[in-house]
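Peer 1: Structural data only, the sequence is not supplied:
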């Protein structure tokens, strides 16, 4: 590290809670040691320095950004390709979603699919992009983007993708993490790609293989930020709907959704569907890393709201049964004697949806909705119901789904410290006016 | 799309919109805790000292460049202003 930078730092502040120069030198030295590239060292030293200096010092002006490993797509360019109904929740990392009333399409358009980055959006090119399969395989293989499409049969299937934290702000007390609104953070486009199992078969899975890890090419602003890696059990890896995908609704993946290649692990938490896929590793145990061990975990047994994460937490996998009302929009107005056309979507992770019921009286009575024909195994199920409002005033519409294992959507989802798996009953309020 | 990504990065980095409560350690927290994400992650929640200590440890395992001395100051600051 460059010690002359550090000598600009203010000497001991002497106050409790304010860093001393000795501490600063030590931290700056450690930063320098963490980073190999000269310019990065200087940038971060400057950052460390401005954090110690009083606000009036010129050193407090924002540090120049450290260099990053490759080109990125700026947030503004990502958002410009999206439908204006998308709301940005956080800029760093970028997260955005459309709320339920804007997700009424049977197949979610790419420009309305939620965004959940963990790091920056890398600006990758298809030409020269490769995918390597390694670990417990008979032969390590590397495919170019073109080879992959030529070698394996292409499969197209509609499949649910939902962030683990979708609906998080419906939990009380509010858990930490991205503030997904009570209804958003999911979508069900059509994906095209190669079956992961075909690729694994080509490489030859060795005995003792139990998990398959996926590596994304995304990177953070900070060189030490951990890469995004997640593994899934072999049974799910071999499931015929688990895809290495290159298209969404028949089009190449948008850059923010993983161009040119991404995993699609349908029905499971979105974190399993690694974007910007560059590596697949077959393992004899679950991958160890921050996206396995720190995030995307839930208690194995229910805990009281507000309690801390117990020791026996487990990695998040399939979503539980859930439904949302996509029509009418909250606040819509209707006339007595007219009809309220109610529509929505229901899904159930590894199970299938067998029933959806609708209530217009806060759950006192329930009526069965009509289910559209089931699609692919992991496609959501469209439901509809026609209601005739009989009295004027405010009406709350509720929907609840039941799955093939008899699980019914709860009023409130089980509270957990990181706010995952919100599947509480969705409610939409409308007004009925005199004709 | 994607042209000049590196040039625009500087603006993508910028300061987080969230305003931290002023107090001892605020500059350190603003600097270190906005290296990877918006500061809303901090301002949106209330945690006990033990929970903040756990959170900061997790950030270190996620790659946050934080010395033990920084860690103590950050936990102190977060507990005082975003405690429960």
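Peer 2: Arrived safely, thanks for sending. Treat the numbers as computed from the prediction; the structure is a model and nothing was measured.
Peer 1: Where does the residue nearest to residue A:252 when sequence neighbours are not counted sit: helix, strand or coil?
Peer 2: Excluding the flanking residues, the one nearest residue A:252 by Cβ to Cβ, 6 or more residues apart in numbering or on different chains is residue A:259, at 6.3 Å. Glycine gets a C-beta too; all of them are placed from N, C-alpha and C. The three-state label given to residue A:259 by DSSP: H, G, I helix; E, B strand; the rest coil is coil.
Peer 1: ok, and the closest non-adjacent residue to the closest residue to chain B within the stretch 151-300 of chain A?
Peer 2: Closest residue of the stretch 151-300 of chain A to chain B, Cβ to the nearest Cβ: residue A:224 (3.7 Å). Excluding its sequence neighbours, the residue lying closest to residue A:224 (Cβ to Cβ, 6+ apart) is residue B:63, at 3.7 Å.
Peer 1: And for residue A:183?
Peer 2: Among residues not flanking residue A:183 along the chain, residue A:100 sits closest, at 4.1 Å (Cβ to Cβ, 6+ apart).
Peer 1: Could you check the pLDDT of the one you found?
Peer 2: Per-residue pLDDT puts residue A:100 at 96.
Peer 1: Which residues are in contact with the residue most central in space within chain B?
Peer 2: By Cα atoms, centre = their mean, chain B has its centre lying nearest to residue B:33, at 1.9 Å. Going by Cβ atoms under 8 Å, 6 or more residues apart in numbering or on different chains, residue B:33 touches B:39, B:41-42, B:59, B:64, B:74.
Peer 1: Grab the longest strand from chain A for me.
Peer 2: strand A:393-403 (DSSP state E).
Peer 1: Which SSE is immediately downstream of that one?
Peer 2: Toward the C-terminus, strand A:393-403 is succeeded by strand A:426-433 as the next helix or strand (DSSP states H and E).
Peer 1: What average pLDDT does that following strand get?
Peer 2: Strand A:426-433 shows a mean pLDDT of 97.
Peer 1: Let's test this: name the helix or strand in chain A with the lowest mean pLDDT.
Peer 2: When each helix and strand of chain A is scored by mean pLDDT, DSSP states H and E, helix A:21-34 comes last, with a mean of 25.
Peer 1: Flag the shaky bits of the chain, pLDDT-wise.
Peer 2: Looking at chain A here, since you left the chain open. Along chain A, segments meeting pLDDT under 70 span A:1-66.
Peer 1: wrong one, I was asking about chain B
Peer 2: B:1-18.
Peer 1: Now the closest residue to chain A within it. Its backbone dihedrals?
Peer 2: Residue nearest to chain A within chain B (Cβ to the nearest Cβ): residue B:24, separated by 2.8 Å. Reported as degrees, to the nearest 10, the phi and psi values for residue B:24 are phi -60, psi 130.
Peer 1: and what of the one 10 residues further on?
Peer 2: With angles defined as degrees, to the nearest 10, residue B:34 shows backbone torsions of phi -110, psi 10.
Peer 1: Relative to residue B:72, how far out is it?
Peer 2: Distance, residue B:34 to residue B:72, using Cβ to Cβ, to the nearest Å: 19 Å.
Peer 1: When these two are compared, which one has more neighbours?
Peer 2: Neighbours per residue (other Cβ atoms under 10 Å in any protein chain shown) separate residue B:34 from residue B:72, with residue B:34 holding more: 21 against 16.
Peer 1: Give me the contact status of stretch A:420-435 with chain B.
Peer 2: No: residues of stretch A:420-435 are not located near chain B by Cβ under 8 Å from any Cβ of the partner chain, the shortest gap being 15.5 Å.
Peer 1: which of the residues in that stretch are buried?
Peer 2: Along stretch A:420-435, these residues count as buried under the neighbour rule (16 or more other Cβ atoms under 10 Å in any protein chain shown): A:420-428, A:430, A:432.
Peer 1: what do you get for stretch A:190-198?
Peer 2: Buried residues in stretch A:190-198 (16+ other Cβ under 10 Å): A:190-197.
Peer 1: same question, stretch A:245-252
Peer 2: Neighbour-count burial for stretch A:245-252 [16+ other Cβ under 10 Å]: A:245-249.
Peer 1: List phi and psi for the residue nearest to the centre of chain B.
Peer 2: phi -90, psi 0.
Peer 1: Same question for residue A:233.
Peer 2: Here residue A:233 shows phi and psi, under degrees, to the nearest 10, equal to phi -60, psi 150.
Peer 1: Can you report how many residues neighbour it?
Peer 2: Residues near residue A:233, counting by other Cβ under 10 Å, number 14.
Peer 1: So what sits opposite it in the bridge?
Peer 2: Here residue A:233 sits in beta bridges with residue A:211, going by DSSP bridges.
Peer 1: Just list the residues touching it, thanks.
Peer 2: By Cβ under 8 Å, 6+ apart, the contact list for residue A:233 reads A:210-211, A:286, A:317.
Peer 1: cutoff 10 Å now
Peer 2: Taking Cβ atoms under 10 Å, 6 or more residues apart in numbering or on different chains, we find residue A:233 in contact with A:210-212, A:239, A:286, A:315, A:317.
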